[in-house]
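Participant: heads up, no residue letters with this:
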Ligand code: HEM
């Protein structure tokens, strides 16, 4: 006899709506209340849908390692199809499995060397364009900078001309039309704008593919790699598949990286004691004007711990969902088929038995001695198992290069005292966060900023 029970519901549910309003308004508070009331598994109601939420390494691992057959990933994200097409895990399972080896090849270690060069060039160009001193909104800047990095890394040095002037505006129109609730075929202005933008982008990408097919030796970029390497079944990708995959990768990687990159800088500026360690490490291991190579990057331990701590405290992708196809057991609980199932950064990343003072910014928790990052399933920022983020190293390295070159060359302070999490449909980011900067070469010549870093 099966004596397992379904997860208990968090308090605060309303008639008909259930927890829908609080889910939209303050998911963190809702999850944390559920966890404190019922522990590592609890439930909520979104209109007529039941959703279970799990916490902690054991349950998160089970969530991530379950097969796509038992926990369906494509249904819950199907609202993205109208924007990007049947791509990555929203494609039918067989098509996804067929493309997977290609995805891994795109982010191989050898390719990362080229990506690092592209990152360095674009990030340095951004810093050169800042002038000697001024103020910028780091949230907006990171959105533009990550576009430039993706452009150069995936399309090559001529990416601006090749993608055309309207590419990112069009991408923005597509991104803004993402709507998990409204049927995507309704004749609404935002959906019309999305469809027109999608068509322009697809035409442009098809031209780029055609040029490369005619003269592949002249290019060494993502597109040439995508049509030169076979899928798992030995077939090669069609132009249509390459176009859709390209857009899917930009969607998966752009706002997510921009959000965490901005938070990484904000959190460092709010925690100047730790910033001093980062600064000393950058000064000791890098040289102004020299490209960052693998050896230098490996020496930037405090920088990477800061990036991990940002992922814990300000994850861009806190919502990872599945539809339960076959009942799944967690301890004495069972989540029935037909429910939604989710992991939660708001609870997993704040477990007191794993993270000392979880509310506190403390990147050294990831050091070997403290070992709080040893079980990677406690952190859900980049997912896990089969669907673990393929672009994780790309994103982490990009954030490391941004952080390193910025603090290598500029003294920076935070002007906006308390930026907040900005919740988006694609990814979370930060609200406006003005930083004031001054080029370090000038600091000895003129009076320094009041609180500038002058380590
Ligand atoms: C800070 C930046 C990023 C964050 C926080 C992030 C987060 C995530 C998460 C949580 C997942 C798993 C989704 C799930 O299981 O439901 C995922 C998957 C994925 N991400 Fe990222 N991502 C980031 C950057 C990137 C970049 C730069 C790329 C590529 C350019 C990328 C490509 C992908 C792909 C292809 C998948 C699907 C993997 C699969 O299902 O096989 N991501 N990402």
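Facilitator: In hand now; what should we look at? A quick note: this is a predicted structure, and the numbers were derived from the prediction, not measured.
Participant: So which bits of the protein are right by the ligand?
Facilitator: Listed as neighbours of the ligand in the chain under the rule C-beta under 6 Å from any ligand atom: 88-89, 103, 249, 252-253, 256-257, 260, 315-317, 320, 381-383, 387, 389-391, 394-395. Yep, even glycine has a C-beta here, placed from its N, CA and C like the rest.
Participant: so which strand or helix has the nearest residue to residue 112 once chain neighbours are set aside?
Facilitator: Nearest in space to residue 112, with sequence neighbours left out and distances taken as C-beta to C-beta, 6 or more residues apart in numbering, is residue 393 at 6.3 Å. Using DSSP states H and E, residue 393 sits in helix 392-409.
Participant: Run the chain-centre distance for that helix.
Facilitator: Relative to its chain's centre, helix 392-409 lies at 14 Å (C-alpha atoms, centre = their mean, to the nearest Å).
Participant: same deal with stretch 151-160?
Facilitator: Counting by C-alpha atoms, centre = their mean, stretch 151-160 is centred 20 Å from the centre of its parent chain.
Participant: Give me the secondary structure label for the residue nearest to residue 241 when sequence neighbours are not counted.
Facilitator: Distances taken as C-beta to C-beta, 6+ apart place residue 99 nearest to residue 241, at 7.6 Å, with adjacent residues excluded. Here residue 99 is recorded as helix under DSSP: H, G, I helix; E, B strand; the rest coil.
Participant: from what I can see residue 99 touches residue 248, true?
Facilitator: No: using C-beta atoms under 8 Å, residue 99 is not in contact with residue 248, being 9.8 Å away.
Participant: Quickly list what's touching both of the two.
Facilitator: residue 88 (C-beta atoms under 8 Å, 6 or more residues apart in numbering).
Participant: For the stretch 51-200 of the chain, give the residue positioned nearest to the ligand.
Facilitator: residue 89 (4.1 Å; C-beta to the nearest ligand atom).
Participant: right, I mislabeled it, should have said the stretch 101-250 of the chain
Facilitator: Closest residue of the stretch 101-250 of the chain to the ligand, C-beta to the nearest ligand atom: residue 249 (4.5 Å).
Participant: what about that residue, helix or strand, and which?
Facilitator: Taking DSSP H and E as the definition, one finds residue 249 inside helix 239-270.
Participant: Need the contact partners of the helix or strand following that helix.
Facilitator: Once the chain leaves helix 239-270, the next helix or strand it forms, by DSSP H and E, is helix 272-285. Helix 272-285 has contacts (C-beta under 8 Å, 6+ apart) with 268-269, 296, 299-303, 306, 361-364, 403-404, 407-408, 451, 453, 455.
Participant: give me the low-pLDDT residue ranges for the stretch 351-455 of the chain?
Facilitator: Residues of the stretch 351-455 of the chain meeting the criterion pLDDT under 70: 442-455.
Participant: elements contacting the helix or strand containing residue 192?
Facilitator: Element membership for residue 192 (DSSP H and E) is helix 189-214. Judged by 3 or more C-beta pairs under 8 Å, 6 or more residues apart in numbering; DSSP states H and E, helix 189-214 is in contact with helix 81-84, helix 159-163, helix 167-176, helix 222-228, helix 239-270.
Participant: So for that helix, mean pLDDT?
Facilitator: Mean pLDDT, computed over helix 189-214, is 94.
Participant: could you check the angle helix 239-270 makes with that helix?
Facilitator: 110 degrees (axes from the mean of the first three to the mean of the last three C-alpha atoms, to 10 degrees).
Participant: Next, the buried residues of helix 189-214.
Facilitator: Neighbour counts over helix 189-214 (16 or more other C-beta atoms under 10 Å) mark 191, 193-195, 197-198, 200-202, 204-205, 208-209, 212 as buried.
Participant: Next, the angle helix 167-176 makes with it.
Facilitator: Going by the same axes, to 10 degrees, helix 189-214 makes 130 degrees with helix 167-176.
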